[in-house]
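>>> Here is a sequence together with a model predicted from it:
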Amino acid sequence: MRRRRLYAPVRMSMPLFRRALALAALLCTLFCAVRPVLAAPEDDFDISTPRRAVSTFLDAAARNDWQRASRVLDGREGGAVPEARVDVTQRLHYLLTHKVWFDIDELSDDPNGKPEDGADLEKVGRVRLDDGEAPITLTKLKGQPVRWVFSPGTLARVPELYAQVGPPALDAHVPPAFRARFLGLALWQWVGLALSIVLSVIVGRGVVFLIRILTRRLVAKTKAIWDDELVLALRSPARLFFGLLAFFSFDELLGLPTSVRKIVVHIAGTMFVIAIAWMLTRASGVIADVVERNAMHHAALAPDAALRSRGVRTQVRVLHRVANMVVAVLTTALLLMQFDVVRNVGVSLLASAGIAGVVLGLAAQQTIGSLFAGIQLSATQPIRIGDSVVVEGEFGTIEEITLTYVVVKVWDERRLVVPIKRFLEQPFQNWTKVSPELHGTVMLYADWSLPIDAVRAELDRLLEGNARWDRRTKAVHVTEANERTLQVRILVSAADSGALFDLRAELREKLVGWLQHLDGGRHLPKLRYAGEGSARTAPPEAYTA
C-alpha cells in the first residue's frame, strides 16, 4: 500500500507526460511541414529597387543561404553558383555588416534610384581605408524587369578590401567553441568586449599615474600652487579620457559588426564628450580660484581694498558660472548631435521657414536671458558679493550671485532669494556701490527751550574716542520746528553699514538719557495750554511730559 501511495502520483502523471510528448512531436512535425511555406519563396526574390536588393542580400546572408545571396551579385535567378562566387558573397557580406556605415532606410526604394548618385547608380556606403575610402555601389541592369545588383567595380575590389580590412587576426586563432553567436556577436567578441573595458580602466589609471610621477618633479620646482591644484583637479577626468582612448584602440581588434559597433561608438563617444567637458569644468574652476586669489591679493594693497575685493569676487564667480553654463550647453548639443533622430528633426525644422529658431528661442529664452543677465551683471556690477542693499523692503548683504538668482542675507539671518533680473530691471538701494562709508542720522525731539550748543558739545564728547565713528562727518541741525517741539537731526558717518547701525543706536540711547537729565528734564517735549482770557503759560504743575 505504501508503494502504491508512493508511486501513485507518478503513475497518474505518466499519461499526461505522454500526451504532452505527443503534442510536442505533432507541433514539431507541423512546423517542419509549414516551414518551407513560411520561408521566403523563390519567386520572392525582389531586387527591383536599391533598398530591396540590399535587404534581400542581407536577409539571405543572415539565413546562411549564400546561394540565394549570391544572386544579388549578378541578378541571375537560376543555375548553380560557383564556390568562388559564394566566397565573394561572404566577403561582401562581411564588409557590409562590419566595415560600411549605412542605413538601409536611407537607400532609395524607387526603381530609378537616387538621381544625385548618377544614372543607373546607387551609393550604399564607403569602406574606410588607411589611404582613403572605397565606395560600395549598386547598378541597374538593362532591360525589364528592373533589377539592381552590386556593381562590377565593387565586386572586383571585394578581395582587395577584404584583405585590408577583413576579420582581425585574433579571429583566426579563436577555438570553435568560442565562435558561437549570441545577440549578433560571437562569444569571443563578448569576452573581448568585457576585457577591453577592464583593460581600458587599467590603462587610464596607469597613464594618469605615470603623468603624475612625471609632473610631480616639474611642479615641485615651481613656487606657484596653481599647477599642483590643476594636476589634482584633472586626475579623475584624465583617467576617463585616456581610458576611452585605449578602448577605441582595443575596439579595432574585436571586429564588431557595424550595428553593434554603432552602439558601442555612441556610448564611448558620449563618455568621451563628457570627459572633455569634465576636464574643462575642473580647469575653469582652478583658473577661477587662481584669478580670484591673485586679484584679491593685489586689491588688498589698494586704499579701497574691501570695495575692490568684492568686485573681483563677483566678476570671477559670475564669469566662472557663465563658462560652466557654456560648456554644459555645448556638451548637451554635441551629445544630441550623435543621434540621428535629433539631428534629422533639427535639420527638418531648420528647413521649415525658421521654425527651429522660433522654437529654440521660446524654449531657451529663460536660460539665454539668465546667461546674458549674468554677463551684464558681471560687467556693470550694480551689485557685488558683500554689498549692503535694501531690496523688497529688506536690508541685507549680498551673499551669493548665480546665473538665475541672488541670495541676500537679511540682518536677522534670513535669506532672501531674488531673481537676478530684479536687480537689472527694478530699482533698489545699494549702500556700498561706490564706497562702504556711509552717513546716518539720529533724530531728537525736544522743547523749544533746548540749547542747541549744548547738544553739539555733548555730541563731541560722545564721539571722542568712539571706534565706530570714522571722524569724517558730525553735525547737529534743527530740521523742523512745529507748534510743539523742535526736531534736531544729528548727522554722523561710519566706515560701513554695520558700524553705522551700532553708532546710531549708541548715540540715540546716550543722547536721550542726557536730555532726560539736562536741567531736570525741563527740555523734554511738553504740551502747553492756556485758559480762556489768559495768554500766559500754564503753571509748571500743569505740564505733562
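Everything's here; your move. Quick caveat: nothing in here was measured; it's all calculated off a predicted structure. Numbers count the residues shown, from 1 in each chain.
>>> hey, what's Pro419 bridged with?
Beta-bridge partners recorded for Pro419 (DSSP bridges): Tyr405.
>>> tell me the contacts of it?
By C-beta atoms under 8 Å, 6 or more residues apart in numbering, the contact list for Pro419 reads Thr404, Tyr405, Val406. No exception for glycine: its C-beta is placed from N, CA and C like everyone else's.
>>> out of the residues you listed, which one sits closest to Leu444?
Val406 (37.3 Å; C-beta to C-beta).
>>> Between the two ends of stretch 210-229, what distance do you get?
The first residue of stretch 210-229 is 17 Å away from its last residue (C-alpha to C-alpha, to the nearest Å).
>>> for stretch 388-402, same thing?
End-to-end distance (C-alpha to C-alpha), stretch 388-402: 17 Å.
>>> Tell me the most packed of the contacts of Pro419, by neighbour count.
When neighbours are counted by other C-beta atoms under 10 Å, Val406 leads the contacts of Pro419 with 22 neighbours.
>>> show me the contacts for that one.
Ile383, Ile398, Glu400, Val417, Val418, Pro419, Ile420, Arg422, Phe423 are the contacts of Val406 under C-beta under 8 Å, 6+ apart.
>>> I'd like to know how many residues surround the third one.
It stands for Glu400. As a burial measure, Glu400 scores 13 neighbours (other C-beta under 10 Å).
>>> Give me the secondary structure label for it.
Taking DSSP: H, G, I helix; E, B strand; the rest coil as the rule, one finds Glu400 in the strand state.
>>> nearest residue to it other than its sequence neighbours?
The shortest distance from Glu400 to any non-neighbouring residue, by C-beta to C-beta, 6 or more residues apart in numbering, is to Val407 (4.0 Å).
>>> quick one: the one you found is in a strand?
Yes. Under three-state DSSP, Val407 sits within a strand.
>>> what's next to stretch 462-474, contact-wise?
For stretch 462-474, contacts defined as C-beta under 8 Å, 6+ apart pick out 437, 439, 459-460, 490-495, 499-500, 502-503, 506-507, 510-511.
>>> change it to 10 Å
For stretch 462-474, contacts defined as C-beta atoms under 10 Å, 6 or more residues apart in numbering pick out 437-440, 456, 459-460, 490-496, 498-507, 510-511, 514.
>>> and those, which of them are in helices?
Members of the contacts of stretch 462-474 lying in helices (criterion: DSSP state H): 456, 459-460, 498-507, 510-511, 514.
>>> need the helix or strand of this protein with the lowest average pLDDT.
Lowest mean confidence among the helices and strands of the chain (mean pLDDT, DSSP states H and E): helix 2-38, at a mean of 44.
>>> For whichever helix or strand comes after it, which residues meet the burial criterion?
Toward the C-terminal end, the helix or strand that comes next after helix 2-38 (DSSP states H and E) is helix 50-62. In terms of neighbour count (16 or more other C-beta atoms under 10 Å), helix 50-62 has its buried residues at Pro50, Arg51, Arg52, Ala53, Val54, Ser55, Thr56, Phe57, Ala60, Ala61.
>>> for this protein, longest strand please?
Secondary structure assigned by DSSP state E gives strand 469-481 as the longest strand of the chain.
>>> So what's the model's average confidence on that one?
For strand 469-481, the mean pLDDT works out to 91.
>>> now do stretch 292-306
For stretch 292-306, mean pLDDT rounds to 66.
>>> Stretch 313-325 too?
Stretch 313-325 carries an average pLDDT of 79.
>>> What is the burial count for Lys526?
Residues near Lys526, counting by other C-beta under 10 Å: 19.
>>> Sketch out the low-pLDDT regions of the stretch 1-150 of the chain for me.
Along the stretch 1-150 of the chain, the parts satisfying pLDDT under 70 run over 1-44, 74-82, 101, 130.
>>> pLDDT at Val260, what is it?
Looking at Val260, its pLDDT reads 69.
>>> Look up how far His93 lies from the residue lying closest to Asp46 once chain neighbours are set aside.
Nearest residue to Asp46, sequence neighbours excluded (C-beta to C-beta, 6+ apart): Arg52, at 4.7 Å. Arg52 sits 17 Å away from His93, going by C-beta to C-beta, to the nearest Å.
>>> tell me the strands in the chain, going along the chain?
Using DSSP E, the strands found in the chain span residues 121-129, 132-140, 148-150, 181-182, 185-186, 388-391, 394-401, 405-410, 415-419, 429-430, 438-446, 469-481, 486-494.
>>> Columns distance to Asp228 on top of those strands, output as JSON lines?
Formatted as JSON lines, these follow (distance: least, C-beta to C-beta, whole Å):
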{"stretch": "strand 121-129", "distance to Asp228": "43"}
{"stretch": "strand 132-140", "distance to Asp228": "46"}
{"stretch": "strand 148-150", "distance to Asp228": "61"}
{"stretch": "strand 181-182", "distance to Asp228": "49"}
{"stretch": "strand 185-186", "distance to Asp228": "45"}
{"stretch": "strand 388-391", "distance to Asp228": "37"}
{"stretch": "strand 394-401", "distance to Asp228": "28"}
{"stretch": "strand 405-410", "distance to Asp228": "31"}
{"stretch": "strand 415-419", "distance to Asp228": "35"}
{"stretch": "strand 429-430", "distance to Asp228": "38"}
{"stretch": "strand 438-446", "distance to Asp228": "42"}
{"stretch": "strand 469-481", "distance to Asp228": "42"}
{"stretch": "strand 486-494", "distance to Asp228": "42"}
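>>> show me the contacts for the closest residue to Glu480 other than its chain neighbours.
Nearest non-adjacent residue to Glu480, counting by C-beta to C-beta, 6+ apart: Gln487, 3.5 Å away. Taking C-beta under 10 Å, 6+ apart, we find Gln487 in contact with Met443, Leu444, Tyr445, Ala446, His477, Val478, Thr479, Glu480, Ala481.
>>> I'd like the distance between Gln487 and Ala446.
Distance from Gln487 to Ala446, by C-beta to C-beta: 9 Å.
>>> Now the common contact residues for those two.
Val478.
>>> can I assume the residue nearest to Glu400 is in contact with Val391?
No. Judged on C-beta atoms under 10 Å, Val407 makes no contact with Val391 at a distance of 11.4 Å.
>>> Give the residue from those two that has the larger number of neighbours.
Applying other C-beta under 10 Å to Val407 and Val391 shows that Val391 carries more neighbours, namely 21 against 16.
>>> what domains does the record give for the chain?
According to automatic domain parsing, the chain is divided into the following domains: 1-39, 43-165, 187-378, 384-430, 438-521.
>>> In CSV: those, plus distance to Leu527.
Converted to CSV, those look like this (distance: least, C-beta to C-beta, whole Å):
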stretch, distance to Leu527
domain 1-39, 112
domain 43-165, 96
domain 187-378, 48
domain 384-430, 34
domain 438-521, 7
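>>> one step back: ChimeraX command to pick out the buried ones of the contacts of stretch 462-474?
The following ChimeraX line selects those of these that are buried, judged by 16+ other C-beta under 10 Å:
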select :437,438,440,459,490,492,493,494,495,496,499,500,501,503,504,507,511,514
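>>> For the stretch 101-250 of the chain, which segments count as helices?
Counting by DSSP state H, counting those that start in this stretch, the stretch 101-250 of the chain has helices at residues 152-165, 169-172, 187-220, 226-233, 235-254.
>>> comparing these, which gets the lowest mean pLDDT score?
When I compare the helices of the stretch 101-250 of the chain, helix 169-172 is least confident, with a mean of 56.
>>> who does the top helix by length along the chain touch, helix- and strand-wise?
Counting by DSSP H, the longest helix found in the chain is helix 258-299. If contacts are counted by 3 or more C-beta pairs under 10 Å, 6 or more residues apart in numbering; DSSP states H and E, helix 258-299 sits against helix 83-98, helix 187-220, helix 226-233, helix 235-254, helix 305-337.
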